[in-house]
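Participant: Show me the folded form of this:
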Amino acid sequence: MNRSYDETMDRSLQRFAITCRSKLQKDAKKASKAAKKNKNEAKEESEQNQPKPAVLLLEGVECDASTLKNFDIKTGMQVLLDNLNFTFVTNPPTVLALTTYPRSVVYVGCPIVPQVSIEFGDDYECMWAVESSPKSGDFEIVSHEKVFTPAASALDCRVKVFCHAVQSTTEASSRDRVGRSVVFYLAGTVQAAPETADGFNRLLGVRQDFNRLRRANQPRSSTGFDYLDSQTQAVSTASTERQEDELRLVTYNILAEPFATSEQAYTTLYPYCDQEVLQSEYRIQRILAELLACDADIVCLQECDLRTFDAYLLPILGRRGFSGHFTCKGSTEGCAVFTLDSACRVVQRVDLPLKNVLRDAPHLSNLYLQRPDLQDIIGGKLGTVAQITVLQSTRRPQQAIVVANTHLFYHPLASFLRTIQAYAITEALGAIQSAIETNGLQQDFISLVNGEETNQLALEKESRLAKCLLSSRQLDRSDLDSTTNVAQTQEKVKATVMLLGDLNSSPNIAALQFLTNGFATEEQLNYVWEEVKHFFWGDREANFNFTNIHDHKEKRRKAEEEKRQALKDSNAAGAEGGNVEELSEKLEELNLYLDSAGLQPVMTHRLGLMSAAGFAPYSNYTPTFKQLLDYILVQERDFEVVRVAPMPSEEVFGEFEALPSAVIPSDHVAIAVDLRWK
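Facilitator: Numbers count the residues shown, from 1 in each chain. A predicted model of the protein is given here:
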């Protein structure tokens, strides 16, 4: 009953009585059709049912409702109406909204997660029902779990879920408060999964041998996808267990839903791809199947939107033993990291918006002086974040792992900016590594690198999901507490750092050369810094033609060669060489770029990073762009590479023209490696 707090209770009870009697009269009319009564019975019943005022009782004693207001209502009060007795419950646990993810594209063997919004409660309970046979309309209760996986018997049948909110109590004598049940019908029916996992996600077929290697003592059927388990079963125990000292890492740009379902995606970026295939419900189940099959210890995702993380990935991976964290880049998409609790415990999370450390960076002062707008872009508008997680290995308590997950700026003329961002990340990683090896794990790494604490929204989401969906493994905010989550060790703690993500840089570009070599050559830096003058972002960007810019570079290169040759010929002839002067004037006209002298900051690092997965031809494959952009960079001093997940052939990449496709759900391919501690 929703009435004004200031209304007197007698008026509310009048409205309540009218509503109840109206409902009772409707029920009586229905009953009279089934059993007709004689006139005498009807007259007698009518006399007995003359409306009487509702009576309000408090602890069994009648109260004057006209002297009370609605805000005086207390749980336990009673209302007598005719021969009926009602008991008040204030602020009952209530389900405000109920849906599921997915809600329309549902496969046999693929998990379904309820999406529940509750009020006045801290948990909820579910009950799943499936049609007994296709189109029968008769539903049978099949599960009371919060995450439901349709069995083969549900093929072509509809599914519905009942849900009610619960308010738990710590008093032994009291029962949990339970609200009314709400029901939601999933659209469509349960579809058949492909006969092979390869048909569901082509990467599962390409990487079948890699995925067979499960963690030691890991149950064979562990993915949660029934049909997938049959595809990744072991053929022999000896060949299907990874060693205890191995660590499996994955980085994956999963293509955020807003980018895949925009008008630009349909008409320009992925016109070759059916719109149905670009929908999140179609893609995310294939992405999850890939992540579960890989059985990794650390998973870093880019272009993960908040809805996908909150609604699907965290609930399911959380129930598989992972701790998850999402960091938004400013809109609805960002980076997500998942770490397996049995492999490493979270010590502290640091969200590092790179603009925080680059806005007033002294080494960029000359650049900002000549291009003040870049200070506003680099230090203000760009939402690029380094998602840093400080971990402690459960197998090696004296070993800390500092993982950075990032998605560097995309712009084709911003190689200089990506190099700057890469430098900022290496500085933060180096500082944290040095602090750990000097003072151990119990310290504040956030202030050390000018980072930000996990935002309150994310904390609330993680706490709520821990209670409601991750009930099999209780998580709370102590996961983020560096003082309560550190296993004690007498040995001095060693730290290793790693950088995973979509770096938007090919192997020969300055940013990658800087990361893997510790520096970039003068030639590489000159090339990227020449782009500074032509880099604009926003409205001014449309005025520049990238093709013309690179044509211009080629003309200037040829002019320089002609000048050098003319100067060489002139010196050989001992003449003044008027042709040299003409070529110098021509070159000066072509030299429209900023002089890089004084702009290039000195940037080096000593982390000793290597690309653990090597350098594959591609990780991003579209009709207009094919390049390796995704990397797993680790310290060579600490790890040796045991195995690398094989990449698809170009025939697989191009089977449906490009990515994403019906069998590869993103425009990027996941990079996965197994490492062994040295």
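Participant: Only C-alpha atoms from now on, for both contacts and neighbour counts.
Facilitator: Will do.
Participant: What's the local residue count around the nearest residue to residue 668 once chain neighbours are set aside?
Facilitator: Sequence neighbours aside, residue 620 is the residue nearest to residue 668 in space, at 4.4 Å (criterion: CA to CA, 6 or more residues apart in numbering). With neighbours defined by other CA atoms under 10 Å, the count for residue 620 comes to 23.
Participant: Equivalent analysis for residue 304, please.
Facilitator: Other residues near residue 304 number 26, with proximity taken as other CA under 10 Å.
Participant: sec struct for it, please.
Facilitator: Secondary structure of residue 304, reduced to three states by DSSP: H, G, I helix; E, B strand; the rest coil: strand.
Participant: what's the answer for residue 157, then?
Facilitator: With three-state DSSP as the basis, residue 157 sits in coil.
Participant: what separates residue 199 from residue 205, distance-wise?
Facilitator: Per CA to CA, to the nearest Å, residue 199 is found 8 Å from residue 205.
Participant: who's more crowded, the two?
Facilitator: Set residue 199 next to residue 205 and count neighbours by other CA under 10 Å: residue 205 wins out with 18 against 15.
Participant: List the contacts of the residue nearest to that one when sequence neighbours are not counted.
Facilitator: Taking CA to CA, 6+ apart, and ignoring the residues beside it in sequence, residue 205 has residue 198 as its nearest neighbour in space, at 4.5 Å. The neighbours of residue 198, taking CA atoms under 8 Å, 6 or more residues apart in numbering as the test, are 204, 205, 206, 663.
Participant: In three-state terms, label residue 198 for me.
Facilitator: What three-state DSSP gives for residue 198 is helix.
Participant: now it: how far from residue 652?
Facilitator: In this structure, residue 198 and residue 652 are separated by 11 Å, where distance is defined by CA to CA.
Participant: and the closest residue to residue 605 other than its chain neighbours, how many neighbours?
Facilitator: Nearest non-adjacent residue to residue 605, counting by CA to CA, 6+ apart: residue 518, 4.8 Å away. By other CA under 10 Å, the residues close to residue 518 number 17.
Participant: what's the answer for residue 121, then?
Facilitator: 21.
Participant: again, but for residue 164
Facilitator: By other CA under 10 Å, the residues close to residue 164 number 23.
Participant: That one pairs with what?
Facilitator: Going by DSSP bridges, residue 164 is paired in beta bridges with residue 125.
Participant: So for the one helix or strand residue 315 maps to, mean pLDDT?
Facilitator: With elements taken from DSSP states H and E, the one containing residue 315 is helix 314-319. Predicted confidence along helix 314-319 averages 92 (mean pLDDT).
Participant: tell me which strands and helices that helix is in contact with?
Facilitator: strand 322-328 (3 or more CA pairs under 8 Å, 6 or more residues apart in numbering; DSSP states H and E).
Participant: as a whole number, average confidence for the strand it packs on?
Facilitator: 95.
Participant: tell me the angle of the following helix or strand past that strand relative to strand 322-328?
Facilitator: Downstream of strand 322-328, the first helix or strand assigned by DSSP H and E is strand 333-340. Regarding strand 333-340 and strand 322-328, their directions subtend 160 degrees when assessed with axes from the mean of the first three to the mean of the last three CA atoms, to 10 degrees.
Participant: Could you spell out the sheet neighbours of strand 333-340, each with its direction?
Facilitator: Using DSSP bridges, the neighbouring strands of strand 333-340 in the sheet come out as strand 298-305 (antiparallel), strand 322-328 (antiparallel).
Participant: Save those strands as JSON lines, and put in distance to residue 354 too.
Facilitator: Formatted as JSON lines, the strands paired with strand 333-340 follow (distance: least, CA to CA, whole Å):
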{"stretch": "strand 298-305", "distance to residue 354": "16"}
{"stretch": "strand 322-328", "distance to residue 354": "13"}
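Participant: between those strands, which gets nearest to residue 409?
Facilitator: With distances scored as CA to CA, the stretch of these nearest to residue 409 is strand 298-305 (12.1 Å).
Participant: can you map out the helices along the stretch 201-350 of the chain?
Facilitator: Remark: helices of the stretch 201-350 of the chain, listed N- to C-terminal, are 202-206, 208-212, 226-231, 257-260, 263-264, 275-278, 280-294, 306-308, 314-319; assignment by DSSP state H, counting those that start in this stretch.
Participant: By mean pLDDT, show me the worst of those.
Facilitator: Between the helices of the stretch 201-350 of the chain, the one with the least mean pLDDT is helix 226-231; it has a mean of 55.
Participant: do you know which of the strands paired with strand 333-340 lies nearest residue 522?
Facilitator: Distances from residue 522 to each of those were compared using CA to CA; the shortest belongs to strand 298-305, at 30.9 Å.
Participant: which regions of the stretch 101-250 of the chain sit below the pLDDT cut-off?
Facilitator: Applying pLDDT under 70 to the stretch 101-250 of the chain picks out residues 170-175, 216-240.
Participant: Try it again at 50.
Facilitator: Low-confidence segments of the stretch 101-250 of the chain, defined by pLDDT under 50: 219-223, 232-238.
Participant: Same question for the chain.
Facilitator: In the predicted model of the chain, residues 219-223, 232-238, 456-467, 470-484, 542-548, 577, 590-597 satisfy pLDDT under 50.
Participant: redo that, cut-off 80
Facilitator: Per-residue confidence of the chain (counting by pLDDT under 80) places the weak regions at 1-5, 27-52, 169-176, 194-198, 214-241, 330-331, 451-491, 521-534, 536-602.
Participant: measure the nearest residue to residue 376 once chain neighbours are set aside to residue 535 for me?
Facilitator: In space, residue 376 comes closest to residue 359 once its chain neighbours are excluded; the distance is 7.7 Å by CA to CA, 6+ apart. Taking CA to CA as the measure, residue 359 falls 18 Å from residue 535.
Participant: Then residue 22?
Facilitator: Summarising the geometry, the distance separating residue 22 from residue 535, computed by CA to CA, is 71 Å.
Participant: Who has more neighbours out of those two?
Facilitator: For residue 22 versus residue 535, the count of surrounding residues by other CA under 10 Å is larger for residue 535: 19 against 12.
Participant: Next up, the contacts around the residue nearest to that one when sequence neighbours are not counted.
Facilitator: Among residues not flanking residue 535 along the chain, residue 413 sits closest, at 5.7 Å (CA to CA, 6+ apart). Under the criterion of CA under 8 Å, 6+ apart, the contact partners of residue 413 comprise 528, 531, 532, 534, 535.
Participant: The third one - how many residues pack around it?
Facilitator: Residue 532 has 22 neighbours, counted by other CA under 10 Å.
Participant: and if you look at residue 246?
Facilitator: By other CA under 10 Å, the residues close to residue 246 number 19.
Participant: so it makes contact with residue 676?
Facilitator: Yes. If you go by CA atoms under 8 Å, residue 246 and residue 676 touch, sitting 4.4 Å apart.
Participant: what is in contact with the two at once?
Facilitator: Counting by CA under 8 Å, 6+ apart, residue 246 and residue 676 have no shared contacts at all.
Participant: In strands only, show me the contacts of residue 413.
Facilitator: Judged by DSSP state E, the contacts of residue 413 include no members of strands.
Participant: Reformat those as JSON lines; add distance to residue 355.
Facilitator: Formatted as JSON lines, these follow (distance: CA to CA, whole Å):
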{"residue": "528", "distance to residue 355": "20"}
{"residue": "531", "distance to residue 355": "20"}
{"residue": "532", "distance to residue 355": "18"}
{"residue": "534", "distance to residue 355": "21"}
{"residue": "535", "distance to residue 355": "18"}
